[in-house]
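1. this one's sequence-less:
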């Protein structure tokens, strides 16, 4: 009895088990390739700086977050620029720009990680159910995934955010839900591919129980693309938070520093003070770049075809 | 081939059904009474009751769903809460604008992306490759609306090369037949109107086309590099075939399949990106209307537009799948 009927023939990417008798394990090889890849190192460096800044925000930031004690200095025409006591100047609300950017990193990390973990856990569970049980479960789950995939991701997040209102939690749920179908399809796809491989056939022939084959062999070997996707999803999540803010569906709490909202608030003053939008915009782009670089490098490193 | 097409088409039915259930449930769980949000501060108990009866909110859920399904089949999504206009009417009125924008965006992405990706693959590891790859990475990570705002600031406000907003200069008294403004100008021989619409399209199309451009560059590069290593390319080269012929007939044709699929997959990105881009440039398409609907919680519009967008997105993906089957006979055998 096979795990599930393979649906799509694929010539590329023959599955390779983690434990390879002939040489080093896939993980060890991946680690070796990662250390040698300049893109991976650049990506990891950006991610590391971002995480450290986010975690150590209270130590690094010169002022309290969202403190508007300098709001009086902000006029409709101008916002005070860089000075010795405010290295990057003030933002359009009259808070210290540097402080807001640093706390913004913290916000992005929290929202990015929570939404991705949410999308990953729900999506991977669905994918596991579909790929593991096959048959009716597979059909039902995949039709559901098709429905969710038929709505472009940002609009799906918008629909969810519109239902649950404006809060940090709703932003995280909205972005997480939008990622669910991607993870589900990805994990199911790579499990299908693994199910066809010889070692599964061998395990099946040995009479090992299906549950053990799925959990012990197929799933671990299918995790690679999902891990890569999770890294890339963090980049998407950080950009989508900003997009939701832009659409007026972001976290409405003004006491929370958030890059997307800073960008949106800066829009009216953009002609006079492009600095106000450029700083948060560049922060979003660099952070997203870090996760993207790292994810791409990870994808190449985990690719069994890369093994020599 | 026909069986393949029919089967793919049949798969669309459960998706659309699921989508209708999803959107129906969605509108019912929305916070707040739609009737109350419709009337705003002027809400009186009598007024709310009247609205509820008008929209059928007082009936049992299943009955409501049947009524809703009946409306869907007739493409009747109700009317906007803001301006009272039927959702279907405004959608088809604005849709050409978004299609025009999306077409120019994808044109920008393809015309620039395929040669760049091809050049990067041919010179893999060289400086050209590095620049193209770095550029394509940057293209993916810059938020669309931030890019749109930047483009608007630099090229419209500071350099004044392009208009800042709208689809056409209101001073131009153009006749509109199809609502594709560039096409309308050509049809009515009002070439200045066509040109003006084109100039208005440049910045939004570049902003919207940047992510697809970056993706097309990378797929083309990956796909061309793979094909360049194929045995048949080496054979063609070895038997002394004219190099441009090898490139055109063997490399490009085979490498374009994944690129074609990718272009089709960009439609979702274009439609959601349009919401952001159109808003920045006050471009009157479905995107900016949807933006207003979101900010003012205009649920009938939101629901109808998302369903329409999902339908179009699914149909385009279907077309891409069929096209793929047409070009690559191996796909049909599944």
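-> Arrived safely, thanks for sending. Owing to the predicted nature of the structure, the values given are computational and were not obtained by experimental measurement.
2. and the residue most central in space within chain A, what element?
-> When Cα atoms, centre = their mean is applied to chain A, the residue found nearest the centroid is residue A:234 (1.7 Å). Using DSSP states H and E, residue A:234 sits in helix A:219-246.
3. helices or strands up against that helix?
-> Contacts defined by 3 or more Cβ pairs under 8 Å, 6 or more residues apart in numbering or on different chains; DSSP states H and E place helix A:219-246 against helix A:97-133, helix A:153-164, helix A:168-195, helix A:259-266, helix A:275-302, helix B:144-151, helix B:253-280. Where C-beta positions appear, they are placed from N, C-alpha and C, glycine not excepted.
4. rerun that using 7 Å as the cut-off
-> Where contact means 3 or more Cβ pairs under 7 Å, 6 or more residues apart in numbering or on different chains; DSSP states H and E, helix A:219-246 is packed against helix A:97-133, helix A:153-164, helix A:168-195, helix A:259-266, helix A:275-302.
5. now mean neighbour count, mean pLDDT and distance to residue A:217 too, for those helices, in JSON lines please.
-> What follows is the helices and strands packed on helix A:219-246, written out as JSON lines (neighbours: other Cβ atoms under 10 Å in any protein chain shown; pLDDT from 0 to 100; distance: least, Cβ to Cβ, whole Å):
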{"stretch": "helix A:97-133", "mean neighbour count": "22", "mean pLDDT": "88", "distance to residue A:217": "11"}
{"stretch": "helix A:153-164", "mean neighbour count": "23", "mean pLDDT": "81", "distance to residue A:217": "32"}
{"stretch": "helix A:168-195", "mean neighbour count": "24", "mean pLDDT": "86", "distance to residue A:217": "8"}
{"stretch": "helix A:259-266", "mean neighbour count": "25", "mean pLDDT": "82", "distance to residue A:217": "42"}
{"stretch": "helix A:275-302", "mean neighbour count": "22", "mean pLDDT": "86", "distance to residue A:217": "17"}
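6. as a markdown table, those helices with distance to residue B:12 would be great.
-> Converted to a markdown table, the helices and strands packed on helix A:219-246 look like this (distance: least, Cβ to Cβ, whole Å):
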| stretch | distance to residue B:12 |
| --- | --- |
| helix A:97-133 | 20 |
| helix A:153-164 | 18 |
| helix A:168-195 | 16 |
| helix A:259-266 | 35 |
| helix A:275-302 | 31 |
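7. of those helices, which is nearest residue B:178?
-> Closest to residue B:178 of the helices and strands packed on helix A:219-246, according to Cβ to Cβ: helix A:153-164, at 25.8 Å.
8. can you give me how far the closest one is from the chain middle?
-> 17 Å (Cα atoms, centre = their mean, to the nearest Å).
9. contacting residues around that helix?
-> With contacts defined as Cβ atoms under 7 Å, 6 or more residues apart in numbering or on different chains, helix A:153-164 is touched by A:148, A:170-171, A:173-175, A:177-178, A:240, A:243-244, A:247, A:249, B:26, B:29-31, B:272, B:294, B:302, B:306, B:309.
10. quick one: residues contacting residue A:95.
-> Listed by Cβ under 7 Å, 6+ apart, the contact partners of residue A:95 are A:66-68.
11. what's the closest of those residues to residue A:221?
-> Nearest to residue A:221 among the contacts of residue A:95, with distances taken as Cβ to Cβ, is residue A:66, at 46.8 Å.
12. OK, contacts around whichever residue of the stretch 1-150 of chain A sits closest to chain B?
-> Closest residue of the stretch 1-150 of chain A to chain B, Cβ to the nearest Cβ: residue A:147 (3.7 Å). For residue A:147, the contacting residues are B:15, B:18-19, B:22, by Cβ under 7 Å, 6+ apart.
13. how about the residues of the stretch 101-250 of chain B that lie near chain A?
-> By Cβ under 7 Å from any Cβ of the partner chain, the residues of the stretch 101-250 of chain B that approach chain A are B:137, B:140-143, B:145-146, B:149, B:153, B:157.
14. now with 8 Å?
-> By Cβ under 8 Å from any Cβ of the partner chain, the residues of the stretch 101-250 of chain B that approach chain A are B:137-138, B:140-146, B:149-150, B:153, B:157.
15. buried among those? Make that a PyMOL selection.
-> Filtering these down to the buried ones (16 or more other Cβ atoms under 10 Å in any protein chain shown) takes a single PyMOL command:
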select buried, chain B and resi 137+138+140+141+142+143+144+145+146+149+150+153
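16. quick check: domain ranges of chain A?
-> Domain ranges of chain A: A:27-63+A:257-308, A:113-252, per automatic domain parsing.
17. what's the distance between the last one and the middle of its chain?
-> In terms of Cα atoms, centre = their mean, the gap separating the centre of domain A:113-252 from the centre of its chain is 12 Å.
18. would you check how far apart residue A:175 and residue B:285 are?
-> Counting by Cβ to Cβ, to the nearest Å, the separation of residue A:175 from residue B:285 is 25 Å.
19. same question, residue B:65
-> In terms of Cβ to Cβ, residue B:65 sits 31 Å off from residue B:285.
20. cool, and residue B:268?
-> Residue B:268 is 16 Å from residue B:285, by Cβ to Cβ.
21. same thing with residue B:230?
-> Taking Cβ to Cβ, one finds residue B:230 at 42 Å from residue B:285.
22. okay, these two: which has more neighbours?
-> Of the pair residue B:230 and residue B:285, residue B:285 is the one with more neighbours under other Cβ atoms under 10 Å in any protein chain shown, namely 26 against 14.
23. contacting residues for the more buried one?
-> When contacts are counted by Cβ atoms under 8 Å, 6 or more residues apart in numbering or on different chains, residue B:285 touches B:94-95, B:97-98, B:101, B:274, B:278.
24. which of those residues fall in helices?
-> Using DSSP state H, the members of these that fall in helices are B:94-95, B:97-98, B:101, B:274, B:278.
25. now do the longest helix along chain B, average pLDDT.
-> Counting residues, the longest helix found in chain B (DSSP H) is helix B:191-228. Mean pLDDT, computed over helix B:191-228, is 85.
26. just give me how far that helix sits from the chain centre.
-> That offset, for helix B:191-228, works out to 13 Å (Cα atoms, centre = their mean).
27. pLDDT check: weakest of the residues of the stretch 101-250 of chain B next to chain A?
-> Comparing those by pLDDT, residue B:157 comes last, at 79.
28. got the phi and psi for the residue nearest to that residue when sequence neighbours are not counted?
-> Of all residues not flanking residue B:157 in the chain, residue A:271 sits nearest, at 5.6 Å (Cβ to Cβ, 6 or more residues apart in numbering or on different chains). Dihedral angles of residue A:271 (phi, psi; degrees, to the nearest 10) stand at phi -60, psi -40.
29. residue A:271 contacts residue B:153, doesn't it?
-> Yes - shown here, residue A:271 and residue B:153 form a contact pair, counting by Cβ atoms under 8 Å, at 6.9 Å.
30. need the three-state assignment for residue A:137.
-> Secondary structure state of residue A:137, per DSSP: H, G, I helix; E, B strand; the rest coil, is helix.
31. how about the residues of the stretch 201-308 of chain A by chain B?
-> A:235, A:239, A:242-243, A:246-249, A:260, A:263, A:267, A:270-271, A:274, A:277, A:281, A:284-286, A:288-289, A:292-293.
32. can you put the contacts of residue B:285 in TSV and add neighbour count and pLDDT?
-> Converted to TSV, the contacts of residue B:285 look like this (neighbours: other Cβ atoms under 10 Å in any protein chain shown; pLDDT from 0 to 100):
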residue	neighbour count	pLDDT
B:94	21	87
B:95	18	88
B:97	24	87
B:98	27	89
B:101	28	90
B:274	28	86
B:278	28	88
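33. save these as TSV, and put in distance to residue A:140 too.
-> Shown next, in TSV, are these (distance: Cβ to Cβ, whole Å):
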residue	distance to residue A:140
B:94	36
B:95	33
B:97	39
B:98	34
B:101	37
B:274	32
B:278	37
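34. and the two most separated of the residues you listed?
-> Pairwise over these, using Cβ to Cβ, the maximum falls at B:95 and B:278, 12.0 Å.
35. overlap in contacts of the two?
-> B:285-286.
36. no more questions from me, cheers.
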